[in-house]
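S.K.: fold the following.
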Amino acid sequence: MVGVSLRSEILGEVGAGRRFRMMLPPGWEAHDLSDSARDALLARAGTRFARHHRPDLFATLSAHVERAVQAMRSQQAVALAFAGEESPTWALGAASLVATVRVGTPEAPLDSIVRRAIDRGAIAIDDDFRIVRWTERRPVSMDGVDLDTTMVNYLIPVPGTQRGKAVQWTLTIPHEQDLTLDDPRIETWVELMDAHVATFQWDAQR
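M.R.: Down below sits the predicted model:
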């Protein structure tokens, strides 16, 4: 289950009774990946397209959302967040935040994932070395336009699993291909998300 309060807080659950909470940037909305959440998002989009006299775009959007939801579910995603229409973060451009459950295997234990991330420049964003952050960059095509996406990843182990399970938050920022990692927009996104992911906490186990 995922919800959002008036303070833009994302709530979620990883496994039986393992609930978490984290603050979101102002104006951001949190959603789960249930059919009802998907349908509610599409209904809002349909209303918006109708208001702007573009119902022709709704079918395209519906297909895109369905593919995106199925892809996130296949990756064990448990939560999705993005800026609402009035969020001040739109000044930085579009971005989305997804939480997935990472489960270590004998072939790919989570410790080895963290070590590889550190080899690529990952750092801990907290004094307890509880949250590790690294960035990746990939090309993507959106509506026929070639772009790059910068992905800012955060890995947080689930207590009591001997580092066998973790929550991974991924902030995805689409942008023009000539934008560098030290561009002020990217740096501002990283600083903003560092501050909010640092508020992540586990609720008492039920």
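S.K.: helix, strand or coil: sort out the residue nearest to residue 177 when sequence neighbours are not counted for me.
M.R.: Among residues not flanking residue 177 along the chain, residue 148 sits closest, at 4.8 Å (CB to CB, 6 or more residues apart in numbering). Backbone N, C-alpha and C define where each C-beta goes, glycine included. Judged by DSSP: H, G, I helix; E, B strand; the rest coil, the three-state class of residue 148 is strand.
S.K.: how near is residue 148 to residue 137?
M.R.: 6 Å (CB to CB, to the nearest Å).
S.K.: likewise residue 168?
M.R.: 17 Å.
S.K.: which neighbours do residue 148 and residue 137 have in common?
M.R.: By CB atoms under 8 Å, 6 or more residues apart in numbering, residue 148 and residue 137 have no common neighbours.
S.K.: pLDDT wise, what is residue 171 at?
M.R.: pLDDT recorded at residue 171 is 92.
S.K.: residue 190 too?
M.R.: Looking at residue 190, the pLDDT reads 95.
S.K.: pull the helix or strand hosting it out as PDB, backbone CA atoms only.
M.R.: Assigned by DSSP states H and E, residue 190 belongs to helix 184-197. In PDB, the C-alpha atoms belonging to helix 184-197 read as follows (Å, rounded to 0.1, in the frame of the first residue of the first chain):
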ATOM      1  CA  PRO A 184      23.400  22.900 -12.100                       C
ATOM      2  CA  ARG A 185      20.000  21.200 -12.900                       C
ATOM      3  CA  ILE A 186      21.400  17.700 -12.300                       C
ATOM      4  CA  GLU A 187      23.300  18.800  -9.200                       C
ATOM      5  CA  THR A 188      20.200  20.400  -7.800                       C
ATOM      6  CA  TRP A 189      18.100  17.300  -8.400                       C
ATOM      7  CA  VAL A 190      20.800  15.200  -6.600                       C
ATOM      8  CA  GLU A 191      20.900  17.600  -3.600                       C
ATOM      9  CA  LEU A 192      17.100  17.700  -3.400                       C
ATOM     10  CA  MET A 193      16.700  13.900  -3.500                       C
ATOM     11  CA  ASP A 194      19.600  13.300  -1.100                       C
ATOM     12  CA  ALA A 195      17.800  15.500   1.500                       C
ATOM     13  CA  HIS A 196      14.500  13.600   1.000                       C
ATOM     14  CA  VAL A 197      15.900  10.100   0.900                       C
END
